[in-house]
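Asks: Pasting the sequence and the predicted model now:
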Amino acid sequence: MSAGAIIVWELLGTAALILLGNGVVANHVLRKTNGNNGGMLFINFGWAFAVFTGASIAAPSGAHLNPAVTLGLAIADKTPWADVPFYFIGQFAGAIIGAMLCWATYKLQFDDHPEPENTLGIFSTGPQIPNVAWNLVTEIIGTFVLVAWILLSPTYAAGDGGTPNFGNSALGYAGVSFVVLVIGTSLGGPTGYAINPARDLGPRIAYAFLMPIRNKANANWGYSWIPVVGPLVGGALAALLYLVVHNLT
């Protein structure tokens, strides 16, 4: 696949992911919406099906949507290293576009919201208890689970007697959506489970520099590196585990 095609498909898929993922949080947080105070499970399910939607759109490029996934696949020798920058470009550009589309969808609600200083969390994550080391560990673990599942999950194989064994491939992109759902419900409490550098940094950039939200908060740049570095480390560790296991079989 050409570099341009990778960028376009990843941009479209990531934009859909962020539009819908940020959108469900906006629906929960902002007043005068039909989903106000929908709760944590409301958000978890919204993000999970946002992954399904974005991945389905980006299927032609492999539907990475996530620099940590791209890095893990490259380390595992499943994505050419030469393609990695083009995946990253599409993912970060798509995340910024998706965040802006979310803001445009809820523009009237943002204008009406009585606490504009508390709107960063609609677009980017933050810790409930700030602690650099342990916040980083949380993001590493969550992303490790995601990328390890992608690499180690059983796919189609011919079974005994020619009976097909479809493994998780029969689920299509719903499978990874279920994994994101359980990561959110089980591991998302401490830091909001960014588990994706583009998902966090792209909207953070859009919030800081592009969104005309009156009296908005700062973008919390001091924390912003954790949901970038943590997921990249988690994805790399999952890939290393895959290589070890693969070499044993």
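Replies: The structure has been received and is ready for your questions. Numbers count the residues shown, from 1 in each chain.

Asks: where along the chain do the helices fall?
Replies: With helices called from DSSP state H, the chain shows them at 3-29, 40-57, 67-75, 84-105, 107-112, 120-123, 132-152, 174-187, 197-209, 221-224, 226-248.

Asks: Excluding its own residues, what touches the second one? List them.
Replies: When contacts are taken as C-beta atoms under 8 Å, 6 or more residues apart in numbering, the neighbours of helix 40-57 outside the stretch itself are 9, 12-21, 23-25, 27-28, 35, 63, 65, 172-174, 176-178, 180-181, 184-185, 188. (Glycine included, C-beta is placed from N, CA and C.)

Asks: Of those, which qualify as buried by neighbour count?
Replies: 9, 12-21, 23-25, 27-28, 35, 63, 65, 173-174, 176-177, 180-181, 184-185, 188 (16 or more other C-beta atoms under 10 Å).

Asks: V29 versus G23, what's the distance?
Replies: Distance of G23 to V29, given as C-beta to C-beta, to the nearest Å: 11 Å.

Asks: before we move on, back to that, deepest-packed of the helices of the chain, please.
Replies: helix 67-75 (a mean of 26; mean count of other C-beta atoms under 10 Å).

Asks: what's next to it, contact-wise?
Replies: Contacts of helix 67-75 (C-beta under 8 Å, 6+ apart): 62, 64, 79-81, 84, 87-88, 91-92, 143, 146-147, 150-151, 195-198, 231-232, 234-236, 238-240, 242-243.

Asks: That helix vs helix 84-105, what angle?
Replies: 160 degrees (axes from the mean of the first three to the mean of the last three C-alpha atoms, to 10 degrees).

Asks: send the alpha carbons of helix 67-75 over as PDB?
Replies: Extracted in PDB, the C-alpha atoms of helix 67-75 (Å, rounded to 0.1, in the frame of the first residue of the first chain):
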ATOM      1  CA  PRO A  67       0.800   4.500  17.300                       C
ATOM      2  CA  ALA A  68       1.300   1.900  20.100                       C
ATOM      3  CA  VAL A  69      -0.300  -0.700  17.900                       C
ATOM      4  CA  THR A  70       1.800   0.400  14.900                       C
ATOM      5  CA  LEU A  71       5.000   0.200  16.900                       C
ATOM      6  CA  GLY A  72       4.100  -3.200  18.300                       C
ATOM      7  CA  LEU A  73       3.300  -4.600  14.900                       C
ATOM      8  CA  ALA A  74       6.600  -3.200  13.500                       C
ATOM      9  CA  ILE A  75       8.600  -4.800  16.300                       C
END
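
Asks: angle of it against helix 174-187?
Replies: Using the same axes, to 10 degrees: helix 67-75 against helix 174-187 is 120 degrees.

Asks: pLDDT averaged over helix 67-75 - what is it?
Replies: Across helix 67-75, the average pLDDT comes to 98.

Asks: now Q128: how far from W134?
Replies: From Q128 to W134 the distance is 11 Å (C-beta to C-beta).

Asks: intersection of neighbour lists for those two?
Replies: In contact with both Q128 and W134: P190, using C-beta under 8 Å, 6+ apart.
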